[in-house]
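Novice: Give me a 3D structure for the following:
(one chain, ligands or ions: 1)
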Amino acid sequence: MFGSEIEPVPRVFVAPQRYIQGQGVLDHIGQYLSLVNAKRAGILISRRGQSADGVRIIESLHKSKIDPIVTTFKGECSIDEIALHVDSLRNESVDCLLAVGGGKCVDAGKCVAYRLGVPVVVVPTLASNDAPCSALSVLYSPEGVSTGAEFFPDNPAIVIVDTGVVANASERFLVAGMGDAMATWYEARVCMQNPNARTTIGARPTLASCAIGEVCAQTLFAEGEAAAQAVVSNAVDAPLENVVEANTLLSGLGFESGGLAVAHGIAQAYTAVPAVNDNYLHGEMVAMGTLTQLMMESEEEARRVAEFFCKVGLPVHLGQISLGTNDTNEIETVIEGAMAWPTVHNMPMTVTADLLRRSIMDAHGLGLSVAESMGDGAYRRLQGLE
Ligand SMILES: [Zn+2]
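Specialist: Sure, this is the predicted structure:
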């Protein structure tokens, strides 16, 4: 499988300098910041976050004699919003930036820190996506439509994940993170097998990133349901710790150095459809993209994954992302968007609009039959439909 062809393109593996995960780590953040020699820390955090996690973080910073300078995240990782925070922090002589929140806040924080020339410390408060560990940010228009990505020379200096905080967030976020993380192995595998494929940083994947992606998927299959259950009862247990690591660290390392394919091309393209973008999370769109990609490869594996998605409550057919097979305009928008997303061409076969259309419909058909036989209770509960 891992052929011995000559590779003029080098293998590259990138990672954050340090990853710290555990219950209550938020209360020790001041100590961890000694790793970047912080004296004045900028904090990018939403208004809502300030009254919750923000209080604990600032208290910990004060204990370590670090001055916090807060800038309020308004909700979009757009060039406009990034400029706003850069302006507000430019004359504050901060020596690092903490990005505290969900995926968009984390990605915006990386952009702000890069422009200020300071290290970024990522503090995800949800395990809903794999943005925290990577050296790239996905950019959006002010309306929230994906417009591309920005790449940085360095990965975050530190990633700090408090599993107690994740356990207190909604189950839907952890499950969405599983949707994002499950794609990692399937996308990395495609890139490894196709000598013409390139990772997000333009390199060849390493064995390490593929192995990480595979362990990520195995962890989800084995412990995903139990971890979701832990979040329902706000408990931190071994399955939750493992799945948070899968969603955040394993998925992050796996996608960045292992490469992406159709799953993320489709997911990013769904952001151009308001009915989807306004109501569904990144990981939920990736779940739909993963089923589409797998229908190009192996129906058997697609079924296995659809059954897992169905159990934890991820969408498996178009109806579960507010679309139907008759929504031709929306589906054509997705196909057009995906075709323009370079990672779809990492697939071993030539990817055409026709193939994407057929695979979206095949995945929809499979998802419908899986949802009919297994029931859609978990999906409905997560979406607040009952
Ligand atoms: Zn993703």
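Novice: so the residue of the chain positioned farthest from its centre is in which element?
Specialist: Relative to the C-alpha centroid of the chain, counting by Cα atoms, centre = their mean, Lys65 is the outermost residue, at 33.0 Å. Lys65 is part of no helix or strand when elements are defined by DSSP states H and E.
Novice: Quick check: it vs Gly254, distance?
Specialist: Here the criterion is Cβ to Cβ, to the nearest Å. By it, Lys65 lies 38 Å from Gly254. C-beta coordinates here come from the backbone N, C-alpha and C atoms, glycine included.
Novice: circling back to that earlier point, now do the same contact list for the residue farthest from the centre of the chain.
Specialist: Lys39 (Cβ atoms under 8 Å, 6 or more residues apart in numbering).
Novice: could you redo the last one with a cut-off of 6 Å?
Specialist: Shown here is Lys65, which makes no contacts under the criterion Cβ atoms under 6 Å, 6 or more residues apart in numbering.
Novice: All further residue positions should be reported with the first residue as 597.
Specialist: Understood, numbering begins at 597; the last thing we discussed is Lys661.
Novice: low pLDDT regions in this structure?
Specialist: Within the chain, the segments meeting pLDDT under 70 span 597-603.
Novice: Let's see that with 90 instead.
Specialist: Under the criterion pLDDT under 90, the flagged ranges of the chain are 597-604, 739-744, 982.
Novice: what ranges do the strands span in it?
Specialist: With DSSP state E, the ranges of strands along the chain come out as 614-618, 636-642, 663-669, 692-697, 716-720, 732-736, 742-747, 754-758.
Novice: so which of these gets nearest Ala863?
Specialist: Distances from Ala863 to each of the strands of the chain were compared using Cβ to Cβ; the minimum, 8.8 Å, belongs to strand 742-747.
Novice: Residues in contact with that closest one: which ones?
Specialist: Applying Cβ under 6 Å, 6+ apart, the set of residues contacting strand 742-747 from outside is Cys707, Leu732, Ser733, Val734, Leu735, Tyr736, Ser737, Gln864, Thr867.
Novice: could you pull out the helices for the stretch 697-846 of the chain?
Specialist: The residue ranges that make up the helices of the stretch 697-846 of the chain, judged by DSSP state H, counting those that start in this stretch, are 699-712, 759-764, 767-789, 803-828, 834-841.
Novice: Out of the ones you listed, which is the most enclosed?
Specialist: Burial of the helices of the stretch 697-846 of the chain is given as mean neighbour count (mean count of other Cβ atoms under 10 Å); helix 767-789 ranks first at a mean of 27.
Novice: Separate out the buried members of the contacts of strand 742-747.
Specialist: Neighbour-count burial (16 or more other Cβ atoms under 10 Å) is assigned, among those, to Cys707, Leu732, Ser733, Val734, Leu735, Tyr736, Gln864, Thr867.
Novice: Pull stretch 965-979 out as CSV, backbone CA atoms only.
Specialist: These are the backbone C-alpha positions of stretch 965-979, laid out as CSV (Å, rounded to 0.1, in the frame of the first residue of the first chain):
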residue,chain,number,x,y,z
SER,A,965,-31.8,3.3,4.1
VAL,A,966,-29.5,3.3,7.2
ALA,A,967,-31.7,5.9,8.9
GLU,A,968,-34.8,4.0,8.1
SER,A,969,-33.5,0.7,9.6
MET,A,970,-31.7,2.2,12.6
GLY,A,971,-34.0,5.1,13.4
ASP,A,972,-33.1,8.8,13.6
GLY,A,973,-33.6,9.3,17.3
ALA,A,974,-30.1,10.5,18.1
TYR,A,975,-30.1,12.9,15.2
ARG,A,976,-33.5,14.4,16.2
ARG,A,977,-32.4,14.7,19.9
LEU,A,978,-29.2,16.6,18.9
GLN,A,979,-31.1,18.9,16.5
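Novice: Touching, Ile665 and Ile641? I think so.
Specialist: No: contact criterion Cβ atoms under 6 Å: Ile665 and Ile641 do not qualify, at 11.2 Å.
Novice: Comparing these two, which residue is more hemmed in?
Specialist: The residue with the greater number of neighbours, taking Ile665 and Ile641 and applying other Cβ atoms under 10 Å, is Ile641; the counts read 26 against 15.
Novice: Identify the residues contacting the more buried one.
Specialist: Applying Cβ under 6 Å, 6+ apart to Ile641 gives the contacts Gly650, Phe669, Val696, Gly697.
Novice: Over to Val682?
Specialist: Neighbour list for Val682: Val708, Arg711 [criterion: Cβ under 6 Å, 6+ apart].
Novice: Apply 8 Å and report the result again.
Specialist: Listed by Cβ under 8 Å, 6+ apart, the contact partners of Val682 are Val708, Arg711, Leu712.
Novice: for Val839, same thing?
Specialist: Contacts were defined as Cβ under 8 Å, 6+ apart; by that measure Val839 touches Ala723, Leu770, Gly773, Met774, Thr815, Leu816, Glu819, Gly820, Ala823.
Novice: surely Leu685 meets Val708?
Specialist: Yes: taking contacts as Cβ atoms under 8 Å, Leu685 lies within contact range of Val708: 7.0 Å.
Novice: list residues touching both of those two?
Specialist: Shared between the contact lists of Leu685 and Val708 (criterion: Cβ under 8 Å, 6+ apart) are residues Gly638, Thr667, Leu693.
Novice: Could you tell me which residues make contact with the second one?
Specialist: To tie it back to what came earlier, the one meant is Thr667. Thr667 sits next to Gly638, Ile639, Leu640, His681, Ser684, Leu685, Val708 when contact means Cβ under 8 Å, 6+ apart.
Novice: do the last one as well
Specialist: Applying Cβ under 8 Å, 6+ apart, one finds that Leu693 lies in contact with 637-640, 685, 705, 708-709, 712, 714-717.
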